[in-house]
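Participant: Provided below for reference: sequence and predicted model.
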Amino acid sequence: MKRQRLTPYLLLLPGLFPIVAFMSLVVGMAVSQSIGYFNFAGDDRFSLEFWEGMLSQNQFWRVFWYSARIAILSSLISVMLAYPVALWLRRPFPGSDLISAMIKAPLLVHGLVAAFLFVNFISFQGFLNVALVKLGLIDRPIRMQNDSYAIGVVILQVWKNMPLAFLVITGSVRAIGDDILDAARDLGAGSLARLRRVILPLTLRALQAALILIFIGAAGDWSFQVVAGPTNIQSMAQFMHRVQSDNAAHGWNEAAVVAVMLMALSLFGSLTLAGLMQLIVRRMGR
Amino acid sequence: MAQASTALSVRSASLRYGTFQALSEISFEASQGQLVTLLGPSGCGKTTLLKAIAGFIPLDGGTVEIKGQDMQDVPPEKRDTAMCFQSYALFPHLTVADNIGFGLRQRRLGAQDIATRVAAVAEQVGLSSQLGKLPGQLSGGQQQRVALARAMAVRPGVMLFDEPLSNLDAKLRDHVRMEIRALQREHGFTAVYVTHDQAEALAMSDLVIVMRAGVIEQMGRPEDIYRFPANRFVADFIGTANIMPLRILDVDRTRGEYKVSSPLGEAVVRSDTPPVSDHIYACWRPEDAQITKPTADAQNRFEVRVTTRTFLGSQCDFSVHPLGDATNRYRIQTHGFAPVSEGETIGVVIAPDAIRFLAEAVR
Ligand SMILES: Nc1ncnc2c1ncn2[C@@H]1O[C@H](COP(=O)(O)OP(=O)(O)OP(=O)(O)O)[C@@H](O)[C@H]1O
Ligand SMILES: [Mg+2]
């Protein structure tokens, strides 16, 4: 009896062990370093000075909220764009396969490549400016590159992540049977009521999954920020790197604080977003 | 224009799935409060017809009118219909109570009214104790009753039932069927009812429509369909039929009597409608044959040999064949016990008006 209950867990061990081990190693390392252990430049001793130092910096909080904003905008916009398209492609029609293949294409292009293409496209002498000038819409080229609102970064994030959201949402949208939607219509539900009362609740899990995945990816962004991001502010990842290289003595410890905060942002930010989505969908379904 | 009492009228309805003709030229009418049954083999288009009436699938030709109003441009959500789906189509994320109340909330009833009506309908289909569960936590038969309750709760003018009782045991089926009838009497809805159960069809309907491959084969009152099937398909599909080819030998027009030759021997058929051809199919029902003593003398008395005998309690079933001709088998049925054993030769009498010409010539 007892052995029977134990066996499945034992069978899980070979797979679970490395995952748990590496996870806790990374998280453990970061947390330990942030409180003064694994100190490369001095004694290992418990200290909250790095936390206090970092959390009292205005610069840090600017970076933190900047990354949070990018993550929220990117995940929300990606999901909001992907959702209607997934609904539209729910039932196959001539050409729908081609459309959905084209939507997924960005998944095959590396983000860094896309970022460089994008920067080329919008640069001062780039295609877009030249075209706008030639068309007579503007007199002189506009500076769009590395805009200080990070619009370029959000565009890139959405471009890269919309396909992911589309993929996740399509599966759950397709799983809704025609009969269920017909039943809702039959009982008097127009298209908005069907969306509110049937489709959204049934695709909520996929929506949440897409939000979480994109949020975490965008919060930790490095490459889009470096290539196309504003120059007056940094992302968490960028900031972490700078803190580490700027401060020879305690760079690793301070970077570890940023790392832990980034993980916290990813975890709590994405869960909050998913929770809010659930509240909204529930409320709408009423 | 349809008459005022005509609740539902379908005219020349045709529908294609791609190149496949699923419905062709379907026409029928139902008055307020009538129950129309659709019968037919699997894949003949019953569900498709219901969905066309509900408006889920647009017709390629013909019209659907509800209470005299053409439904062409009326979307399903605006039609005064409610369908009980063959696939149940329950909302998996809603409890039984919310499923049943879905249409009522859509109709903006107050929470109190919804709760009352949900409770009442749930009671009628025996689901009162399941209201808090999700569909995934119900048995197949319970899910089916939720689908039925959900449609009935909105009390539409036209109810569309797609095999609503197929998954229930005999006792529950009788109970729910009576509840449907009671509700119908109470609220006077018109119903189109798909079933595979002929007994159900014959017992419940005002009008029976027998379909095959998207076409109406015959339409009429249950007793007429049973007693005067139009062709071999209908005769065979409704109840058990003995079908045999006849050759008309002689006609007595004044009495409407036809002397014919049949695999059973020479016989007399009495018919108000003349046969469509000299060489024609006819049918008779197993219960139309009476077993007589071998010596008795009567019109249409045939000698047959019993090959199998099945005792069913209230009745006896026999398989027989004409003497010297084992290729033609017929079924006969008697009420109560018949002291006849297998291998025995018996006489059977079939009344001249029990043999009916089918509108189908032998080719
Ligand atoms: N969406 C569809 N696309 C193509 N063909 C379809 C579609 N739906 C149904 N059909 C075809 O139309 C015919 C009628 O189907 P329908 O579901 O109306 O049959 P039915 O009489 O309800 O059968 P059953 O008794 O098995 O429920 C079938 O041959 C079926 O294969
Ligand atoms: Mg069907």
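Facilitator: In hand now; what should we look at? Residues are numbered from 1 along each chain as shown, chains lettered A, B, ... in the order given. Ligands and ions are numbered 1, 2, ... in the order given.
Participant: The worst-scoring helix or strand of chain B on mean pLDDT and ligand 1, are they touching?
Facilitator: Lowest by mean pLDDT, DSSP states H and E among the helices and strands of chain B is helix B:198-204, with a mean of 86. No - no part of helix B:198-204 sits close enough to ligand 1 to count as contact by Cβ under 6 Å from any ligand atom; the gap is at least 13.0 Å. Heads up, the C-betas are built off the backbone N, CA and C, glycines and all.
Participant: For that helix, which outside residues touch it?
Facilitator: Identification of contacts with helix B:198-204 by Cβ atoms under 8 Å, 6 or more residues apart in numbering or on different chains yields B:35, B:37, B:39, B:165, B:173, B:177, B:181, B:193, B:195, B:208, B:222-223, B:225-226, B:237-239.
Participant: Which residue would be the closest one in the stretch 101-250 of chain A to ligand 1?
Facilitator: In the stretch 101-250 of chain A, the residue that lies nearest ligand 1 is A:Asp178 (8.3 Å; Cβ to the nearest ligand atom).
Participant: and that residue, what does it touch?
Facilitator: A:Arg91.
Participant: what does A:Asn253 give?
Facilitator: A:Gln33, A:Ser34, A:Gly36, A:Asn39, A:Phe50.
Participant: Closest to B:Ala230 out of these?
Facilitator: Among those, A:Ser34 lies closest to B:Ala230 (Cβ to Cβ), at 87.8 Å.
Participant: and the closest one, how many neighbours?
Facilitator: 24 (other Cβ atoms under 10 Å in any protein chain shown).
Participant: Just give the nearest non-adjacent residue to it, would you?
Facilitator: A:Ala256 (3.9 Å; Cβ to Cβ, 6 or more residues apart in numbering or on different chains).
Participant: Which SSE is immediately downstream of the strand or helix carrying the one you found?
Facilitator: Using DSSP states H and E, A:Ala256 falls within helix A:251-264. Counting by DSSP H and E, the next helix or strand C-terminal to helix A:251-264 is helix A:270-285.
Participant: From the contact counts, what lies against that next one?
Facilitator: On a contact count with 3 or more Cβ pairs under 8 Å, 6 or more residues apart in numbering or on different chains; DSSP states H and E, helix A:270-285 meets helix A:58-88, helix A:200-219.
Participant: can you give me the helices in chain B?
Facilitator: B:46-54, B:96-106, B:111-124, B:140-153, B:170-187, B:198-204, B:222-227, B:232-237 (DSSP state H).
Participant: Would you check that B:Phe302 makes contact with B:Thr345?
Facilitator: No - counting by Cβ atoms under 8 Å, B:Phe302 does not reach B:Thr345; the two are 10.7 Å apart.
Participant: before we move on, the earlier item: same list, the helices of chain B, but as CSV with mean neighbour count please.
Facilitator: Shown next, in CSV, are these (neighbours: other Cβ atoms under 10 Å in any protein chain shown):
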stretch, mean neighbour count
helix B:46-54, 24
helix B:96-106, 24
helix B:111-124, 17
helix B:140-153, 24
helix B:170-187, 15
helix B:198-204, 17
helix B:222-227, 18
helix B:232-237, 20
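Participant: For ligand 2, find the nearest of these.
Facilitator: Among the helices of chain B, the nearest to ligand 2 by Cβ to the ion is helix B:46-54 (3.1 Å).
Participant: contact partners of the closest one?
Facilitator: By Cβ under 8 Å, 6+ apart, the list of residues contacting helix B:46-54 from outside reads A:182, A:186, B:8, B:10, B:13, B:15, B:22-23, B:26, B:38, B:40, B:57-59, B:64, B:76, B:79, B:81, B:83, B:86, B:158, B:160, B:162, B:192, B:194, B:211, B:214.
Participant: can you tell me if it touches ligand 2.
Facilitator: Yes - Helix B:46-54 is in contact with ligand 2 by Cβ under 5 Å from the ion, via B:Thr47.
Participant: Pull out the buried positions in the helix holding A:Ala256.
Facilitator: A:251-263 (16 or more other Cβ atoms under 10 Å in any protein chain shown).
Participant: what does the average pLDDT come to for stretch B:82-93?
Facilitator: Averaged across stretch B:82-93, the pLDDT comes to 95.
Participant: mind listing what's buried in it?
Facilitator: Buried residues in stretch B:82-93, counted by 16+ other Cβ under 10 Å: B:Ala82, B:Met83, B:Cys84, B:Phe85, B:Gln86, B:Tyr88, B:Ala89, B:Leu90, B:Phe91, B:Pro92, B:His93.
Participant: quick revisit: now restrict the contacts of helix B:46-54 to buried residues only.
Facilitator: Using 16+ other Cβ under 10 Å as the burial test, those include A:182, A:186, B:8, B:10, B:13, B:15, B:22-23, B:26, B:38, B:40, B:57, B:59, B:64, B:76, B:79, B:81, B:83, B:86, B:158, B:160, B:162, B:192, B:194, B:211, B:214 as buried.
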